[in-house]
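Engineer: everything below, folded, please.
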Amino acid sequence: MAETITQLLTRDHSHCDDLFATAEALGDAGAAPAAWRAFSAAMERHLGAEEGLLFPALDAAVGGSLPPVQVMKLEHAQLRALLSDLTDAAEGGSWDEVSGLAQTLLVLMEQHNLKEQSVLYPMADRLLGARAGALVAELTPLTGTPRA
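Structural biologist: This next block holds a predicted model:
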């Protein structure tokens, strides 16, 4: 059975979560800034893949702009702002700031991922029908997610 949009992008969420946990576990160790950069890059790939392929495909499928897509775009902007601040703080060695930003980011990511995994991705699998398989093929190399 072919992989679904839900399966691929949920796996990518897990990959990003793993990178987050690795960076957070490093605390203020010398490798922490690089770990936060790796996490940020993975998140940017994920967000970019959704915005570049998934969201336009969903909007095209319904002939307009889906409200859930608009919500996700707004949340992506919030995630990017926090990622930028967190990466800057890690680069500057401001570990108390990193800790606070990481906790805020974690809460936002958990809420965001839940909405995508329980609403948006299943909606995409349904609305896109036969096109979903082709979209998975296009999304897979963009996410950078290791295959299970």
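Engineer: going forward, measure contacts and count neighbours with C-alpha atoms only.
Structural biologist: Fine.
Engineer: mind listing the helices for this structure?
Structural biologist: In order along the chain, the chain carries the following helices (DSSP state H): 5-25, 32-49, 55-62, 67-91, 95-115, 121-128, 131-143.
Engineer: would you turn the ones you listed into TSV with mean pLDDT and mean neighbour count?
Structural biologist: Putting those into TSV (pLDDT from 0 to 100; neighbours: other CA atoms under 10 Å) gives the following:
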stretch	mean pLDDT	mean neighbour count
helix 5-25	96	19
helix 32-49	96	20
helix 55-62	95	16
helix 67-91	96	17
helix 95-115	97	16
helix 121-128	96	18
helix 131-143	90	17
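Engineer: endpoints of stretch 43-56, how far apart?
Structural biologist: 19 Å (CA to CA, to the nearest Å).
Engineer: just how off-centre is that stretch within its chain?
Structural biologist: Centroid separation for stretch 43-56 versus its chain: 8 Å, with CA atoms, centre = their mean, to the nearest Å.
Engineer: stretch 25-39 now?
Structural biologist: 19 Å.
Engineer: need the contact partners of that stretch.
Structural biologist: 16, 19, 20, 22, 23, 24, 86, 87, 90, 91, 93, 95 (CA atoms under 8 Å, 6 or more residues apart in numbering).
Engineer: how much space between the nearest residue to residue 55 once chain neighbours are set aside and residue 50?
Structural biologist: Nearest non-adjacent residue to residue 55, counting by CA to CA, 6 or more residues apart in numbering: residue 69, 6.2 Å away. With distances taken as CA to CA, residue 69 is found 10 Å from residue 50.
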